[in-house]
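Any chance you can model this:
(one chain, ligands or ions: 1)
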Amino acid sequence: MSKLMVSVSGVRGVFGESITPEIALNFATHFGIFRNRGKIVVGRDSRTTGPAMFNAVVSGLLSVGCDVIDLGIVSTPTVLLAVEESDANGGISITASHNSAEWNAMKFVSGNGMFLFPEEADKFIGSLDEPVEYANWDKMGKLYSDSDGTKRHIEKILKISYLDISKIKSKKFKVVIDCVNGAGGVISPLLLEKLGCEVIEINCEPTGHFAHTPEPLKKNLKQLEDAVKIHNADIGFANDPDVDRLAIVSEKGECIGEELSLLLSEKFVLSKVKGDIATNLSSSMASEDIAKIFGVKVHRTKVGEINVGKKMMELNSPIGGEGNGGVICAEVHYTRDAPAGMALILAYLAESEKTVSELANEIPKYYFAKDKLKVDSAKLNQIMAKVPQVFANYKLDKTDGIKILGNKFWIHIRKSGTEPIIRVYVESETTEKSKQICEDTITKLMR
Ligand code: MG
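Numbers count the residues shown, from 1 in each chain. From the prediction side, this is the model:
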């Protein structure tokens, strides 16, 4: 039986087991009160359990006096943008992101169109056991429908000041898009058409019957790789079910890895707008190489997109994000946005007159290894406490777990937030070296 997972990024579980309409109702009711019973925007991805979750969420919100704006099936970044650009006090995106079809979840949005900051999320979670004071019969909220969220999102992307839309259109790129039958189907093909592309859609029906394992990783994108080759396309894009992560397949039909979505976006945007960039501690060190070309700095944050978005806002960064394919383009908003990422990549292709694989080859190559250490909950802190002694000769960053900074390699060691596990991530110049460092690290910590 799966466990309900409650964290700063929301609440998720397997529908009917750990997440139920009752739980959704309780979270939504308390969220309505937490956001001062104001207007709340709600959107959902294409999951088959979405309508059941949605009706429970709406019921909770209306009963405490919130007006609800229903966006229908939309991407998570569309929900975030709709909150930011309206007078809503918050939003809820009903989606389990890259998790498989039996999962569902809720992500909670603050009035500024960003996810709850960690301290706000803690406060909200702390309020869940408080008794509910329902609104009076004459103060019930009202439900409104807004079917233009996607249209406004696309318009915002097309207005990015440094995008040369006519140049992109003139290239008439042939693009294969794989939305895994998630919410991407309602936005991504439309955006690509607006950019003058010849669009070949695969899995773009938002049915919630995911055509393959939905996380946009190379191992799950064989169909897209094949389609790019068969159609002789310029590029292939994959979205996760709620469209905040982007993976790219080159014109050769090879997935170039989700890290490249961010790195190519950084390189393109920095050539247009100078400014320090932000990314999390576990994303590729190629960001530092790219930043160096443009004379700017990389600021590393805790893992979790809200931490990156918040840092970008402080720094007024033009671009940033997470190495898992989460591109944050500041001119659209400070949250991960796969459609915005696609527009940036196509603009880069158009202006550079190069192919995807040529652009990818220009980015310094590093290789990851990751492993995890299963230990008794009681021993977790003991093992973490060992890390500074084991790596006494290195520079350590303790922003989030412990990151060991070596010469052309790093090791990031973190406790999992949900299980008694220590995760070890390594990046270096070769796969063999990364694997070896990962293995050695685990041996040293277990000693
Ligand atoms: Mg997602």
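
tell me which element the closest residue to the ion within the stretch 301-447 of the chain is part of?
Going by CB to the ion, the ion is nearest to R336 of the stretch 301-447 of the chain, at 7.5 Å. All C-beta spots, glycine's among them, are computed from the backbone N, C-alpha and C. Here R336, judged by DSSP states H and E, is contained in no helix and no strand.

Surely it is in contact with L80?
No - counting by CB atoms under 8 Å, no contact exists between R336 and L80, whose distance comes to 9.1 Å.

I200: how many residues sit nearby?
I200 has 19 neighbouring residues, counting by other CB atoms under 10 Å.

try the one 4 residues further on
Burial measure for C204: 21 neighbouring residues, criterion other CB under 10 Å.

Kindly report the residues of the stretch 151-300 of the chain close to the ion.
240, 242, 244 (CB under 5 Å from the ion).

With pLDDT as extra columns, can I get those residues in JSON lines?
Shown next, in JSON lines, are these (pLDDT from 0 to 100):
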{"residue": "D240", "pLDDT": "97"}
{"residue": "D242", "pLDDT": "98"}
{"residue": "D244", "pLDDT": "97"}
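
Any of these buried? List them.
Neighbour counting with 16 or more other CB atoms under 10 Å marks 240, 242, 244 as buried within these.

Alpha carbons of stretch 350-366, in CSV - could you do that?
Written as CSV, here are the backbone C-alpha positions of stretch 350-366 (Å, rounded to 0.1, in the frame of the first residue of the first chain):
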residue,chain,number,x,y,z
ALA,A,350,16.9,29.3,-36.1
GLU,A,351,19.5,31.9,-35.3
SER,A,352,22.6,29.6,-35.1
GLU,A,353,21.8,27.9,-38.4
LYS,A,354,23.1,24.7,-36.7
THR,A,355,21.5,21.3,-36.1
VAL,A,356,20.5,20.1,-32.6
SER,A,357,23.4,17.7,-32.4
GLU,A,358,25.8,20.4,-33.5
LEU,A,359,24.5,22.7,-30.7
ALA,A,360,24.6,19.8,-28.2
ASN,A,361,28.2,19.0,-29.1
GLU,A,362,29.3,22.6,-28.3
ILE,A,363,28.2,22.1,-24.7
PRO,A,364,31.0,20.6,-22.4
LYS,A,365,30.3,17.0,-21.7
TYR,A,366,30.0,15.6,-18.2
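
now it, how far from the chain's geometric center?
Centroid separation for stretch 350-366 versus its chain: 23 Å, with CA atoms, centre = their mean, to the nearest Å.

just stretch 198-208 next, same as before
20 Å.

That one: which residues count as buried?
Result for stretch 198-208 [16+ other CB under 10 Å]: buried residues 199-204, 206, 208.

repeat for stretch 98-113
Applying 16+ other CB under 10 Å to stretch 98-113 flags 98-99, 101, 103-111, 113 as buried.

Which one of those residues is nearest to A88?
Comparing the buried residues of stretch 98-113 against A88 with CB to CB picks out G111 as the nearest, at 6.8 Å.

Quick one: residues contacting that closest one.
G111 sits next to 35, 38, 83, 88-90 when contact means CB atoms under 8 Å, 6 or more residues apart in numbering.

Model confidence for the residue nearest to S352 when sequence neighbours are not counted, exactly?
Spatially, and ignoring its direct neighbours in sequence, S352 is nearest to L359 (6.2 Å; CB to CB, 6 or more residues apart in numbering). pLDDT, L359: 98.

Please give the element, helix or strand, for L359.
L359 belongs to helix 356-361, assigned by DSSP H and E.

which residues are in contact with that helix?
234-235, 248-252, 254, 256, 260, 264, 267, 345, 348-349, 352.

which secondary structure elements does whichever strand or helix holds I177 contact?
Assessed by DSSP H and E, I177 sits inside strand 174-178. Applying 3 or more CB pairs under 8 Å, 6 or more residues apart in numbering; DSSP states H and E, one finds that strand 174-178 makes contact with helix 188-194, strand 198-202, helix 222-230, strand 235-239.

winner for burial among those?
strand 235-239 (a mean of 29; mean count of other CB atoms under 10 Å).

ok, back up a step: mark which of the buried residues of stretch 98-113 are part of strands, please.
103-109 (DSSP state E).

Report pLDDT for whichever residue of the stretch 1-150 of the chain sits closest to the ion.
Here the stretch 1-150 of the chain gets closest to the ion at one residue, S97, 3.3 Å apart by CB to the ion. S97 carries a pLDDT value of 95.

do the same with V6
89.

Under a three-state scheme, what state does it occupy?
strand (DSSP: H, G, I helix; E, B strand; the rest coil).

Does it touch F124 like I think?
No - V6 lies out of contact with F124 (CB under 8 Å); the separation is 10.1 Å.

Who has more neighbours out of these two?
The residue with more neighbours, out of V6 and F124, is F124; 20 against 16, by other CB under 10 Å.
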